[in-house]
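Asks: one predicted model, sequence on top.
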Amino acid sequence: LQKLWVMDLIEDKGLEAVASYCKELRELRVFPSEPDLDATNIPLTEQGLVFVSKGCRKLESVLYFCVQFTNAALFTIARKRPNLKCFRLCVIEPFAPDYKTNEPLDKGFKAIAEGCRDLRRLSVSGLLSDKAFKYIGKHAKKVRMLSIAFAGDSDLMLHHLLSGCESLKKLEIRDCPFGDTALLEHAAKLETMRSLWMSSCFVSFGACKLLSQKMPRLNVEVIDEHPPESRPESSPVERIYIYRTVA
């Protein structure tokens, strides 16, 4: 067995069995069985992924939905599976810290970025400060696709990523507190990427117009219920899709 897609009903014990018997496993995806999981009745925890990381030495790709996570688990995953090429952690509860220490997951994702040097795709979630993205920008030099939700403190988040992730081609961000400054300062970087998708951030309509004027080879699509003529330039837009033109 090289590829396993399961629901979280497998629980930690099921993943422990996978770790014991599926030594050829290369890809693991664990999806939520319910859209809104009850944290008091958790069908699996971070321990299930720790089991697989320890037991499946050929593991290269992970997609893992869970309610809570810890820095200690991320440390173990980074140490045991430095060969990871895809790591997508989806902590369902927004802004969820390390539930054992109540700290941000910054140091855990630093360990992932620093230890998994061949990482090509990364999705981060949980309580993360700008420091986490400083670490990612510094160490995740081969990451081509990056997804972020409910994370960061300020414009520094985007600054660290666009100035540090040299191989970045596709960036997806939602519900993060950055605004116009970082986007406009790193406009040239956007021309080297395939696309940038943002939703529910603090980028203004005026900044989108300025970006399209500054970088004519970029398509800047504002996806919003409000028509352009009735929108103040200072108001934040709902969604933005930025990509290179064909020419």
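Replies: Structure received.
Asks: pull the number of nearby residues for Leu1.
Replies: Leu1 has 12 neighbours, counted by other C-beta atoms under 10 Å. To be clear about C-beta, it is placed using only N, CA and C from the backbone, and glycine gets the same treatment.
Asks: what of the one 5 residues further on?
Replies: Under the neighbour criterion other C-beta under 10 Å, Val6 is assigned a count of 15.
Asks: so it makes contact with Pro32?
Replies: No. With contact defined as C-beta atoms under 8 Å, Val6 does not reach Pro32; the gap is 11.1 Å.
Asks: work out for me the element Pro216 sits within.
Replies: Using DSSP states H and E, Pro216 sits within no helix or strand.
Asks: how about the one 4 residues further on?
Replies: With elements taken from DSSP H and E, the one containing Val220 is strand 218-223.
Asks: stretch 173-185: end-to-end distance?
Replies: 17 Å (C-alpha to C-alpha, to the nearest Å).
Asks: for it, buried residues please.
Replies: Buried residues in stretch 173-185, counted by 16 or more other C-beta atoms under 10 Å: 173, 176, 178-180, 182-183.
Asks: now those residues as CSV including distance to Glu93, pLDDT and secondary structure?
Replies: Below are those laid out as CSV (distance: C-beta to C-beta, whole Å; pLDDT from 0 to 100; DSSP: H, G, I helix; E, B strand; the rest coil):
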residue, distance to Glu93, pLDDT, secondary structure
Ile173, 19, 94, strand
Cys176, 16, 89, coil
Phe178, 22, 83, coil
Gly179, 25, 84, coil
Asp180, 29, 90, helix
Ala182, 27, 86, helix
Leu183, 28, 89, helix
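Asks: and the contacts of stretch 138-147?
Replies: With C-beta atoms under 8 Å, 6 or more residues apart in numbering as the contact definition, stretch 138-147 has outside contacts at 88, 110, 113-114, 117-124, 136, 160-161, 164-173.
Asks: weed out the non-buried ones from those residues.
Replies: For the contacts of stretch 138-147, a burial check counting by 16+ other C-beta under 10 Å picks out 88, 110, 113, 119-124, 136, 160-161, 164-165, 168, 170-171, 173.
Asks: dump the residue contacts of the residue lying closest to Val220 once chain neighbours are set aside.
Replies: Leaving aside its chain neighbours, Val220 sits nearest to Ser212 (4.2 Å; criterion: C-beta to C-beta, 6 or more residues apart in numbering). Counting by C-beta under 8 Å, 6+ apart, Ser212 makes contact with 218-220.
Asks: for Pro32, see how far away Ser212 is.
Replies: Using C-beta to C-beta, to the nearest Å, Ser212 is found at 38 Å from Pro32.
Asks: good, we can wrap up now.
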